[in-house]
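Colleague: Sequence and predicted structure, then a few things I'm wondering about:
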Amino acid sequence: MSRIGKQPIPIPSGVTIDIKNGAITVKGTKGTLHFSPHQRMDVKVEGQTVVVARKSDEILDRSLHGMTRTIISNMIHGVSKGFAKQLEIQGVGYRAAVQGKKLQLSLGFSHQVDFPAPEGISFEIDKEKKNIITVAGIDKVLVGQVAANLRSLRKPEPYKGKGIRYVGEAVRRKAGKAATTAAKGGA
């Protein structure tokens, strides 16, 4: 039995779950999310909890059990509290600004990069530290994908560390060419 899949999911106050024709709709204070689980999964609301059960012990059922429970748990968390990822911009002249629903980035290119916010995603720049971008939304997968797309615009490079990185991400630095020739005795 899946250790994750067999755990019931508590439903916080202010969140409603509706199951019709195999589709799950979760409504909360921050919005609404929809999910259609695999037909081999049984999802039921029992009191103030959601229970996910599988029909058999086949490999496919076992692999879907924990994943389905986690997706529903993330939906409940998203509509009640939301998700956020923080990115940090490092580099001289690198900056970000929010212009309406899009993020305007200066990343050392010859032009500004405009990154439009997908539906359900909002951007916020830290007022004290101007180099911290917060990507927020109710869908955990979408928040993570947008943050990864932002990071891919200018990945942190290993020599000076310039670029966009997650807050707390450790970037492995390399020694430059001058450091290697000095270690060999100079040339």
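Modeller: Looks like it arrived, so ask away.
Colleague: Can you tell me which helices and strands the longest strand along the chain packs against?
Modeller: Using DSSP state E to define each element, the chain has its longest strand at strand 83-90. Packing partners of strand 83-90 (3 or more Cβ pairs under 8 Å, 6 or more residues apart in numbering; DSSP states H and E): strand 132-137, helix 140-153, strand 163-166. C-beta coordinates here come from the backbone N, C-alpha and C atoms, glycine included.
Colleague: The second one to strand 132-137, inter-axis angle?
Modeller: Using axes from the mean of the first three to the mean of the last three Cα atoms, to 10 degrees, the interaxial angle of helix 140-153 with respect to strand 132-137 works out to 150 degrees.
Colleague: about what we covered before: any idea of the mean pLDDT for the longest strand of the chain?
Modeller: In this model, strand 83-90 has a mean pLDDT of 95.
Colleague: in that strand, what's buried?
Modeller: For strand 83-90, the neighbour count (16 or more other Cβ atoms under 10 Å) marks 83, 85, 87, 88, 89, 90 as buried.
Colleague: Return the alpha-carbon coordinates of that strand using CSV.
Modeller: Output in CSV follows, covering the C-alpha atoms of strand 83-90 (Å, rounded to 0.1, in the frame of the first residue of the first chain):
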residue,chain,number,x,y,z
PHE,A,83,2.3,28.9,-4.0
ALA,A,84,5.3,31.1,-4.6
LYS,A,85,8.8,30.8,-5.9
GLN,A,86,11.5,33.5,-5.5
LEU,A,87,14.2,34.2,-8.0
GLU,A,88,17.2,36.4,-7.6
ILE,A,89,18.9,38.5,-10.3
GLN,A,90,22.7,39.0,-10.0
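Colleague: Sheet partners, orientation included, of that strand?
Modeller: strand 132-137 (antiparallel), strand 163-166 (antiparallel) (DSSP bridges).
Colleague: Output these in TSV, with mean neighbour count appended to each entry.
Modeller: Below are those laid out as TSV (neighbours: other Cβ atoms under 10 Å):
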stretch	mean neighbour count
strand 132-137	20
strand 163-166	20
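Colleague: got TSV for these, with mean pLDDT and distance to residue 43 too?
Modeller: What follows is those, written out as TSV (pLDDT from 0 to 100; distance: least, Cβ to Cβ, whole Å):
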stretch	mean pLDDT	distance to residue 43
strand 132-137	95	23
strand 163-166	93	33
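Colleague: Out of the ones you listed, flag the one nearest residue 120.
Modeller: With respect to residue 120, and counting by Cβ to Cβ, the nearest of those is strand 132-137 at 5.0 Å.
Colleague: what residues does that closest one touch?
Modeller: By Cβ atoms under 8 Å, 6 or more residues apart in numbering, the list of residues contacting strand 132-137 from outside reads 78, 82-89, 96, 103, 120-126, 143, 146-147, 150, 164, 167.
Colleague: any idea where the helices of this structure begin and end?
Modeller: Using DSSP state H, the helices of the chain run over residues 59-80, 140-153, 177-183.
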